[in-house]
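Q: What follows is a predicted protein model with its sequence.
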Amino acid sequence: MFETLKVLPPDAILGVLADYRQDSRSHKIDLGVGVFRDEFGDTPVLSTVKKAERFLLQNQSSKAYLGSQGDPEFNVAMQALVFGHDQGHNPGIYTVQTPGGCGSLRVGAELIMRVRPGASIWVSDPTWANHVPLLSGAGLTLKTYPYYDFADPGIRFDAMQEGLRQIPAGDIVLLHACCHNPSGMDLSRQQWRALADIIVERSLLPFVDIAYQGFAEGADEDAFGIRLLAERVPELMVSGSCSKNFGLYRDRVGSLSIKVANDQVRAAVSSQVVNIVRGMYSMPPAHGGEIVTHILNDVALRAEWNEELAVMRNRLKAMRTLLVGALSRHVSERDFAFIERAQGMFCFLGLTPEQVGRLKTEHAVYMVDSSRINVAGINPKNVEHLAQAIAAVL
């Protein structure tokens, strides 16, 4: 049977990681994989996570299954984190625990397929590469709306508005709540308000991906677009992730929230989601979700977590400033100030695939062909080498 299979090309980002690991040069730099790193290049376990794990070790009394909807306390805590502290018990929002943001996106896509088989979902141009297999793999038809301007780095907001106005009523539009991946360029509050007007006018279903809550301006500030839409639209889907803001990458912690019209719709949505989950992974893992629940429900731990979140956020901002300063010294004929205007972990450098290839072979600097970089891979010790390498290939 399996001899008929063909070898597929490796995932672009994972391929970069594999090449990086095989490189023996001591000055190599990895700007590819999307994980937070500290100034030493490590992806640390948060202090609050360690404290929560110690608590669980001492107090956990069972390893029984959670059930397909996950831990009810986690769902309440995540719903409040995303929609506002007073929204955790809002019956108009249905939330389930999922294995990471990827699991959330896929469950949401499968639910849409049950309502409208072959429905079109519109994603930003560009969008996170894994949105494509997660959504289209469920059967959704992917289409794009204008977003990032490669020629003049920023958001093509006029074109974006015009594109959204052409979307047929009832279609789904996927939005990045903050820290747009891969561009790092985020909508302003004024732009979110204009966007909400179009979504209401066109009767579109917004599906918002919030994978980096707290990495742009703060946990509450980064959820502005979601909370605005929740006030304006009758239906809304939100995919949440705890990989970045809690550093729980390998524990796969996420949530799917759906704003519903009434109790009858909630009951129907709940039954369908549970059925989808049962047929995919049966139920989510418990450990990471219990960590998040304990942190969010403990006043002292939550305050400490917000401080740790600020440290990560401020490091990303500082590395952007550091890189722009270094590039201004080595590439005076080109303006890289847009890097500081971006938010979160990612941005484009505006290099060609050929230049990216030279960075790898000649300078041991690794990134994907689009020149999207993870700024968390930058530190004070490697920034000069990075800037000199970029100058050399330009």
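A: Cool, got the structure. None of the values given here were measured: they were computed from a predicted structure.
Q: now the strands for the protein?
A: Per DSSP state E, the chain carries strands over the ranges 29-30, 93-98, 120-125, 141-146, 148-149, 154-155, 172-176, 205-210, 236-241, 254-259, 346-348, 365-366, 372-374.
Q: Leaving out sequence neighbours, find the closest residue to Val238.
A: Spatial nearest neighbour of Val238, excluding adjacent residues (Cβ to Cβ, 6 or more residues apart in numbering): Ser257 at 4.4 Å. Using the backbone N, CA and C atoms, a C-beta is placed for each residue, glycine as well.
Q: Equivalent analysis for Ala138, please.
A: Per Cβ to Cβ, 6+ apart, closest to Ala138 is Ala109, 3.7 Å.
Q: re the thing from before, could I get the contacting residues of the residue nearest to Val238?
A: Contacts for Ser257 (Cβ atoms under 8 Å, 6 or more residues apart in numbering) come out as Met78, Gln79, Val82, Phe83, Ile93, Tyr94, Thr95, Leu236, Met237, Val238, Gly240.
Q: Apart from its neighbours in sequence, what residue is nearest the last one?
A: So that's Gly240. Closest to Gly240 by Cβ to Cβ, 6+ apart is Ser255, at 4.2 Å.
Q: Run through the residues that contact Gln166.
A: No residues are in contact with Gln166 under the rule Cβ under 8 Å, 6+ apart.
Q: how about the helices of the stretch 251-394 of the chain, start to end?
A: 263-280, 287-297, 299-330, 338-341, 353-363, 383-393 (DSSP state H, counting those that start in this stretch).
Q: returning to what we had before: the residue nearest to Ala138 contacts Leu135, correct?
A: Yes. Counting by Cβ atoms under 8 Å, Leu135 is a contact partner of Ala109 at 4.8 Å.
Q: Surely the residue nearest to Gly240 and Ala77 touch.
A: No. Counting by Cβ under 8 Å, Ser255 sits too far from Ala77 to count as a contact (9.3 Å).
Q: what about these two, which has more around it?
A: Between Ser255 and Ala77, counted using other Cβ atoms under 10 Å, the more crowded position is Ser255 (29 against 22).
Q: Just the helices from the stretch 101-250 of the chain, written as ranges.
A: Using DSSP H, counting those that start in this stretch, helices in the stretch 101-250 of the chain cover 131-136, 157-165, 189-202, 224-232.
Q: now, of the helices of the stretch 251-394 of the chain, which is deepest in the fold?
A: Mean neighbour count, computed with mean count of other Cβ atoms under 10 Å, is highest for helix 287-297 among those, reaching a mean of 23.
Q: got the angle between that helix and strand 254-259?
A: 60 degrees (axes from the mean of the first three to the mean of the last three Cα atoms, to 10 degrees).
Q: Thank you, goodbye.
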